[in-house]
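In: Curious how this folds, go ahead:
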Amino acid sequence: MAIHGDCVSATQAAGVLVSHLAADRCDLVSETGTMLAEGEASLWIGAIGPLAVVAEERRGKHVIVRFREPLDPRIVDHFKGA
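Out: Numbering: from 1, shown residues only. From the prediction side, this is the model:
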């Protein structure tokens, strides 16, 4: 399931779809085609955020990001149940 979010870096902002959510990482796909370059950013997942993330790997339209601090398991469970 994809969850709407927003990702903001020092140079750009984009609406994103968040998938494969885990405590330490998730995948992002830009809703507009503008995608986060590798580096640090702030991520909002629904109304939760800002969460500090680091873009680690790009795969086409997808970017894998790692959370600076692991998400609380209750947050992951909440979105998996949505």
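In: mind checking how far A10 is from G39?
Out: 8 Å (CB to CB, to the nearest Å). Every C-beta, even on glycine, is put in place using the N, C-alpha and C of the backbone.
In: which of the two has more neighbours?
Out: G39 (12 against 9; other CB atoms under 10 Å).
In: Show the contacting residues for that one.
Out: 9-10, 54-55 (CB atoms under 8 Å, 6 or more residues apart in numbering).
In: cutoff 6 Å now
Out: A55 (CB atoms under 6 Å, 6 or more residues apart in numbering).
In: Return the set of residues that bridge with it.
Out: Note on G39: beta-bridge partners by DSSP bridges are A55.
In: and it, what pLDDT?
Out: Model confidence at G39, given as pLDDT, is 82.
In: ok, which stretches of this structure are helices?
Out: 73-80 (DSSP state H).
In: Show the residue spans covered by the strands in it.
Out: Counting by DSSP state E, the segments of the chain that form strands are 3-8, 13-19, 25-30, 39-45, 48-59, 62-67.
In: Now tabulate those in TSV and tack on distance to V76.
Out: Listed next are the strands of the chain as TSV, based on distance: least, CB to CB, whole Å:
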stretch	distance to V76
strand 3-8	11
strand 13-19	11
strand 25-30	9
strand 39-45	10
strand 48-59	11
strand 62-67	10
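In: so which of those is the most packed in?
Out: strand 25-30 (a mean of 20; mean count of other CB atoms under 10 Å).
In: distance between that strand and the chain's centre?
Out: 5 Å (CA atoms, centre = their mean, to the nearest Å).
In: Quick check: neighbours of that strand in the sheet, parallel or antiparallel?
Out: Applying DSSP bridges, one finds strand 25-30 paired with strand 13-19 (antiparallel), strand 62-67 (antiparallel).
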